[in-house]
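Asker: Based on what follows, work out the 3D shape:
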Amino acid sequence: MKKKGLLIACIVLAVLIIAAAVFFAFFRPAAERETKARVILMPIIKDTEAQLIAIQRGDIHIYPGLVRAADINALKDQENIEITMDLGFHFFYVGINMRRDPLNAKVLRQAIAHMVNREEIINSLFEGYMLPLAHFVPPSSPYHDDTAPVFAYDPERAQAILDEAGYVLDEATGIRINPATGKPLREMIFMTPTYEVAPTSAELGKIIAEAAQSIGIPIKNEPLDFPVMLDRLDMHDFDLYALAWSLGRIPTFLYDFFHSSQDVEGGYNYPGIRNPELDELLEGIYYAPDEETAREYASKAQQILAEELPYIPLYSRPYMDAFRTDKVTGYVPMLGYGAAQYRNNWTKIGIRPLEGEEIRWLLPEEPQSLNFLTNNSAYAAEVFFRAMEPLIEVDPETLENVPWLATEWKVETWEPEPGREATKLIFKLRKGVKWHDGHEFTAEDVAFAIKFIKDNKIPLYYSDVQDVVRTNVPDPYTLEVYFDKISYWYLIKISDLPQIPKHIYEKVDDYQQFQCWLEPHPEVEGLTQLIGTGPYVFDEYVPGEYVRLVRFEDYWYDKK
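Answerer: Numbers count the residues shown, from 1 in each chain. I've put the predicted structure just below:
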């Protein structure tokens with residue numbers, strides 16, 4: 001009862017904070033609204049102790065994504081520091097490569113799941129600040145199904161199911177025999193980020209590996225540099241790994257993560273799960289004609305995933321972000337995403353320095369590549385999505401659609417062939433929006449982006465456009481998108497695509513090798529080819545030191 005009461009209190013408090021922040025950020029006098037940050041400097045500080053010292057000293061003004069309990073405790077009562085908290089769509093899990101022996105055996109995955117003590121991990125590593133998660137959709141989502149089976153912490157049960165399946169313990173080695181080979185199980189590597197970058201994730205890997213070893217499953221934890229770990233995942237060269245997703249508000253992420261069509265190099269189906277029954281349900285989610293149907297399919301899909309265990313869900317993290325209140329103002333807490341996360345456009349446009357023109361925003365890891373068509377790292381997204389924005393924005397309180405680059409939209413139907421209906425979208429785009437190089441943003445750019453992603457089958461976004469039959473541009477501010485099927489989600493998927501400047505990318509032959517952040521702009525001196533329509537322009541990335549963005553002086557929102 002105490003935990004439930006605390007959770008309810010946190011939700012109420014979060015809603016009140018959001019309401020107040022939205023009011024003050026967007027209903028203040030116009031003259032005050034115009035006092036924006038001219039520079040966002042993102043110092044790259046990997047060491048967690050150095051990060052804490054930096055915000056305490058005021059060397060950084062924003063510390064996004066607090067995780068360590070020690071840091072939260074050190075900052076929560078400190079003068080001039082506010083920690084915002086928002087329930088989120090965060091999902092931390094252990095991923096398992098189902099393509100490889102012995103982890104292709106479901107019983108072994110289930111036994112490992114029985115050795116994961118979520119409560120102990122959360123209490124020992126996070127002092128209770130995280131929410132235990134045993135399901136495949138976090139409880140903040142309306143598509144969460146808590147009726148799906150759970151392989152709760154139970155070492156005795158783990159050993160029993162292994163014995164029953166023939167994974168008997170070899171007394172000589174202390175390792176269980178693989179019944180498929182008659183030999184001891186091979187050593188399996190559990191990848192995590194390094195202790196320097198993500199100490200709780202690295203320690204979590206050690207805890208789970210030791211728990212598995214205690215019942216004869218030879219798992220060894222191996223902390224790796226984050227880019228190396230991502231490369232291994234993309235190439236499917238792994239056994240187990242620990243990672244987090246920042247999920248969206250719609251349940252189609254289940255399709256992206258677990259449909260067999262996404263089991264490709266660079267795709268999101270890292271575990272390589274291929275289950276025809278599951279595929280059918282995931283397609284039901286993706287092509288649902290309405291929300292009720294999507295909810296039904298999502299529930300059934302979660303039941304199968306809970307049995308198959310391509311992931312072992314661990315916890316969901318409330319978004320906790322620290323702000324120096326003597327340095328910045330104008331940040332907006334957002335349900336599902338937090339106040340400082342890159343998906344929160346309201347903080348991006350509202351943040352203001354209280355002195356000077358620069359805001360110092362922590363970047364806890366190297367973004368490496370800033371190619372937004374190939375890099376799915378959250379650290380890179382923190383950079384390039386401050387220069388970009390969607391067609392449709394999301395209200396920070398209700399998560400309902402809000403006009404942005406598109407001012408109006410309609411969802412209609414058409415007939416790809418006689419007697420068969422499919423979805424048609426019509427967008428009316430905002431006039432006067434400029435790319436960072438001064439070119440006008442038009443419907444031709446959006447149509448080009450859709451075609452470019454589909455023609456190149458870009459894994460990060462292909463599932464969003466795979467059903468597009470054609471686009472039509474009746475005038476520079478109207479876009480029609482025709483699909484081959486019906487889906488309730490097409491509107492959000494198209495509106496969330498990265499906007500690609502046609503006049504830049506129509507000259508790009510190989511999008512994978514295109515280093516847009518390093519290529520000088522052909523027309524504008526001092527500008528790169530990493531451009532968007534958002535409030536900040538990418539200026540410079542010095543590896544190991546910082547990323548610098550500058551205010552876009554011709555940003556459309558500032559002229560409202």
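
Asker: Low-confidence bits of the stretch 101-250 of the chain, can you list those?
Answerer: Within the stretch 101-250 of the chain, no stretch has pLDDT under 70.

Asker: Tell me where it has helices.
Answerer: Secondary structure of the stretch 101-250 of the chain by DSSP state H, counting those that start in this stretch: the helices cover 106-114, 118-126, 155-164, 199-213, 226-234.

Asker: could I get those as a markdown table with mean neighbour count and distance to Lys493?
Answerer: For every residue, glycine as well, the C-beta is placed using N, CA and C. A markdown table is the format used below for the helices of the stretch 101-250 of the chain (neighbours: other C-beta atoms under 10 Å; distance: least, C-beta to C-beta, whole Å):
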| stretch | mean neighbour count | distance to Lys493 |
| --- | --- | --- |
| helix 106-114 | 22 | 31 |
| helix 118-126 | 17 | 32 |
| helix 155-164 | 16 | 40 |
| helix 199-213 | 20 | 30 |
| helix 226-234 | 17 | 22 |
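
Asker: Relative to Leu281, which of these is closest?
Answerer: Among the helices of the stretch 101-250 of the chain, the nearest to Leu281 by C-beta to C-beta is helix 106-114 (17.8 Å).

Asker: tilt between the closest one and helix 199-213?
Answerer: 120 degrees (axes from the mean of the first three to the mean of the last three C-alpha atoms, to 10 degrees).

Asker: Check the offset of helix 106-114 from the chain's centre.
Answerer: Once both centres are worked out by C-alpha atoms, centre = their mean, to the nearest Å, helix 106-114 turns out to sit 26 Å from its chain's centre.

Asker: same question, stretch 454-469
Answerer: 19 Å.

Asker: The closest residue to Gly284 other than its chain neighbours and Asp464, how far apart?
Answerer: Excluding the flanking residues, the one nearest Gly284 by C-beta to C-beta, 6 or more residues apart in numbering is Tyr297, at 3.6 Å. Relative to Asp464, Tyr297 is positioned 18 Å away (C-beta to C-beta, to the nearest Å).

Asker: May I ask you to name the longest strand in this protein?
Answerer: strand 406-417 (DSSP state E).

Asker: Are there helices or strands packed against the helix or strand hosting Ile312, and which ones?
Answerer: In this assignment (DSSP states H and E), Ile312 forms part of strand 311-316. With contacts taken as 3 or more C-beta pairs under 8 Å, 6 or more residues apart in numbering; DSSP states H and E, strand 311-316 sits against strand 90-96, helix 106-114, helix 118-126, strand 131-132.

Asker: which residue sits closest to Gly272, ignoring its sequence neighbours?
Answerer: Gly272's closest residue in space is Arg99 (C-beta to C-beta, 6+ apart), at 4.3 Å.

Asker: Need the mean per-residue confidence for stretch 474-490.
Answerer: The pLDDT scores in stretch 474-490 average 97.

Asker: Just the endpoints, please. Distance across it?
Answerer: Separation of the first and last residues of stretch 474-490 by C-alpha to C-alpha, to the nearest Å is 20 Å.

Asker: Likewise for stretch 511-527?
Answerer: 19 Å.

Asker: which residues touch that stretch?
Answerer: 369-374, 384, 436-438, 452, 456, 458, 504-505, 508, 528-531, 537-538, 541 (C-beta atoms under 8 Å, 6 or more residues apart in numbering).

Asker: The same query, at a cut-off of 6 Å, please.
Answerer: Identification of contacts with stretch 511-527 by C-beta atoms under 6 Å, 6 or more residues apart in numbering yields 370, 373-374, 437, 456, 508, 528-530.

Asker: show me where the stretch 451-560 of the chain has strands.
Answerer: Assignment of strands within the stretch 451-560 of the chain using DSSP state E, counting those that start in this stretch yields the ranges 468-475, 478-483, 536-542, 546-551.

Asker: Give me the sheet partners of the first one and which way each runs.
Answerer: Note on strand 468-475: by DSSP bridges, its sheet partners are strand 478-483 (antiparallel).

Asker: Can you list the buried residues in the partner strand?
Answerer: 479-483 (16 or more other C-beta atoms under 10 Å).

Asker: same check, this time on stretch 303-316
Answerer: 303-306, 308-316.

Asker: Which pair of these spans the longest distance?
Answerer: Spatial extent of these (C-beta to C-beta) is set by the pair Ile304 and Tyr315 at 22.1 Å.

Asker: farthest residue from the center of the chain?
Answerer: Centroid-distance maximum for the chain: Ala172 at 45.0 Å, with C-alpha atoms, centre = their mean.

Asker: So the residue lying closest to Glu480 once chain neighbours are set aside versus Ile96, what's the distance?
Answerer: Computed as C-beta to C-beta, 6+ apart, the closest residue to Glu480 that is not its neighbour in sequence is Asn472, at 4.1 Å. Distance of Asn472 to Ile96, computed by C-beta to C-beta: 44 Å.

Asker: Looking at the two, which is more packed in?
Answerer: Ile96 (28 against 13; other C-beta atoms under 10 Å).

Asker: in its sheet, what does the very next helix or strand once past the longest strand of the chain sit against?
Answerer: Next in sequence after strand 406-417, counting helices and strands by DSSP H and E, comes strand 420-429. Paired neighbours of strand 420-429 in the sheet (DSSP bridges): strand 406-417 (antiparallel), strand 478-483 (antiparallel).

Asker: Tell me which of these sits nearest to Met188.
Answerer: strand 478-483 (42.3 Å).

Asker: so how far is His436 from the residue nearest in space to the middle of the chain?
Answerer: The residue lying closest to the centre of the chain (C-alpha atoms, centre = their mean) is Ser246, at 3.1 Å. To His436, Ser246 is 25 Å away according to C-beta to C-beta.

Asker: Give me the neighbour count for Asp455.
Answerer: Neighbours of Asp455 (other C-beta under 10 Å): 9.

Asker: can you pull the contacts of Met115?
Answerer: 158, 211-212.

Asker: Between those residues, which sits nearest Pro353?
Answerer: Set against Pro353, the nearest of these by C-beta to C-beta is Ala211 (47.2 Å).
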